[in-house]
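In: Provided below are the primary sequence and the corresponding predicted coordinates.
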Amino acid sequence: MNFFERVYEVVEKIPYGQVATYGQIGWMVSGAPHAARTVGWALNGLPEDRINEVPWWRVINAQGRISNSRARHGAAEQRRRLEEEGIIFDDTDRTDLSVYQWNGNTKEA
DNA sequence: CTTCTGACTGGGA
DNA sequence: GTCCCAGCCAGAA
């Protein structure tokens, strides 16, 4: 299993209405505290056919903001999807991680 | 093998 | 609060 696939699997486990940070994903898949960049890079290589099955839009940075400005789909679409899930954005386009951040557990919150 | 880059992060200005 | 700089991991050239 490649690092990419592991990232995708973890992202797929993010529950509806919740988000996870790149650093969090990185720690879960590789155990490295600073693998966040690699996670973003992995999602950057996310195949188009997996766009609909991997909730990449639930992955944001540690600041609670969207960093995918350079991504293909853009931050606008990501924000729109998150808002549809009930996630509220601040005036500075930030979310409250203390409320929406995924605890890493798929079974119980 | 070495070098570069990236949807990040944290600290300092 | 925002902006800029240096460091981290994993893959591609």
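Out: On my side now, so go ahead. Residues are numbered from 1 along each chain as shown, chains lettered A, B, ... in the order given.

In: any idea which element residue A:41 lies in?
Out: Residue A:41 belongs to helix A:36-44 when assigned by DSSP states H and E.

In: so which elements touch that helix?
Out: In terms of contacts (3 or more Cβ pairs under 8 Å, 6 or more residues apart in numbering; DSSP states H and E), helix A:36-44 is packed against helix A:3-12, helix A:22-30, strand A:59-60. Where C-beta positions appear, they are placed from N, C-alpha and C, glycine not excepted.

In: how many residues are close by the closest residue to residue A:29 other than its chain neighbours?
Out: Leaving out its chain neighbours, the residue that sits closest to residue A:29 by Cβ to Cβ, 6 or more residues apart in numbering is residue A:6, at 4.3 Å. Neighbour count for residue A:6, taken as other Cβ atoms under 10 Å: 16.

In: separation between the closest residue to residue A:53 other than its chain neighbours and residue A:106?
Out: Residue nearest to residue A:53 in three dimensions, not counting chain neighbours: residue A:12, with 6.7 Å by Cβ to Cβ, 6+ apart. Using Cβ to Cβ, to the nearest Å, residue A:12 is found at 9 Å from residue A:106.

In: same deal with residue A:31?
Out: Remark: distance between residue A:31 and residue A:106 (Cβ to Cβ) = 18 Å.

In: and the two? Which one has more around it.
Out: Shown here are residue A:31 and residue A:106; by other Cβ under 10 Å, residue A:106 has more neighbours (12 against 8).

In: my guess is that one contacts residue A:11. True?
Out: No: the pair residue A:106 / residue A:11 is not scored as a contact, 11.7 Å apart, by Cβ atoms under 8 Å.

In: any idea which residue sits dead centre in chain A?
Out: Nearest to the geometric centre of chain A sits residue A:59, at 1.0 Å (Cα atoms, centre = their mean).

In: roughly how far apart are residue A:93 and residue A:11?
Out: Residue A:93 is 21 Å from residue A:11, by Cβ to Cβ.
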